[in-house]
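Participant: give me a 3D structure for the following:
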Amino acid sequence: MMSHKKILVAVDLSKESDQVLETACKLADGDKSRLRLIFVLAPVMTSYPFAAGAVALGDLQEQATESAEKKLRELADKFDIPAENLDVVVGAPASEIPAEAKQQQVDLIVLGSHGTSGWRVLLGSTASGVLNAADCDVLTVRIKSED
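Facilitator: The predicted model follows:
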């Protein structure tokens with residue numbers, strides 16, 4: 001089996017992120033320094049439907065980023081992943097994840113997918129976009145619902 005030296009793990013900070021990280025940790029063969037975590041935060045401007053002049057969007061974006069960084073650190077701590085291997089970026093996941101993978105020179109991207117039927121739904125729009133844009137291997141982890 002191919003051994004991947006550097007693995008980018010894309011998480012959405014939901015409770016299902018644990019499933020993705022468990023798989024990535026197994027692939028790293030116990031060497032957590034090989035793992036790099038990324039969370040892609042939507043720009044505040046596209047997240048909130050209100051008049052741009054009514055509020056300081058820069059402050060909201062900064063607060064959202066700080067909150068995401070805190071949650072990502074908590075998740076990383078749970079899996080003993082080094083703090084220097086964490087990235088929160090603002091943008092669209094389907095483009096930011098492959099861009100980060102290229103910049104960090106990773107050879108595998110691991111991300112979760114909630115599929116039900118059909119290729120797009122099977123992979124999910126983010127996973128499908130990452131798969132099409134990535135220059136490296138992509139592994140999608142089928143998320144098991146905890147009903």
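Participant: could you pick out the longest helix of this structure?
Facilitator: Counting by DSSP state H, the longest helix found in the chain is helix 57-78.
Participant: same for it, what does it pack against?
Facilitator: With contacts defined as 3 or more C-beta pairs under 8 Å, 6 or more residues apart in numbering; DSSP states H and E, the packing partners of helix 57-78 are helix 17-27, strand 35-41, helix 44-47, strand 86-90. C-betas here are computed from N, CA, C, even on glycine.
Participant: tell me the most buried of those?
Facilitator: Among the helices and strands packed on helix 57-78, ranked by average contacts under mean count of other C-beta atoms under 10 Å, first place goes to strand 35-41 (a mean of 23).
Participant: what's it packed up against?
Facilitator: Counting by 3+ C-beta pairs under 8 Å, 6+ apart, strand 35-41 packs on strand 7-10, helix 17-27, helix 57-78, strand 86-90, helix 93-104.
Participant: redo those as a markdown table? Include mean pLDDT and distance to V40.
Facilitator: Formatted as a markdown table, the helices and strands packed on strand 35-41 follow (pLDDT from 0 to 100; distance: least, C-beta to C-beta, whole Å):
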| stretch | mean pLDDT | distance to V40 |
| --- | --- | --- |
| strand 7-10 | 97 | 7 |
| helix 17-27 | 95 | 13 |
| helix 57-78 | 91 | 9 |
| strand 86-90 | 96 | 6 |
| helix 93-104 | 96 | 4 |
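Participant: show me the one of those that comes nearest S113.
Facilitator: Evaluated over the helices and strands packed on strand 35-41, closeness to S113 peaks at helix 17-27, with 9.3 Å, by C-beta to C-beta.
Participant: list the contacts of L37.
Facilitator: Counting by C-beta atoms under 8 Å, 6 or more residues apart in numbering, L37 makes contact with 8-9, 11, 21, 72, 75-76, 81, 85-87.
Participant: switch to 10 Å and redo it
Facilitator: L37 is in contact with 7-11, 13, 17, 20-21, 24, 72-73, 75-76, 79, 81-83, 85-88, 110, counting by C-beta atoms under 10 Å, 6 or more residues apart in numbering.
Participant: again with Q103
Facilitator: Taking C-beta under 10 Å, 6+ apart as the test, what Q103 contacts is 8, 87.
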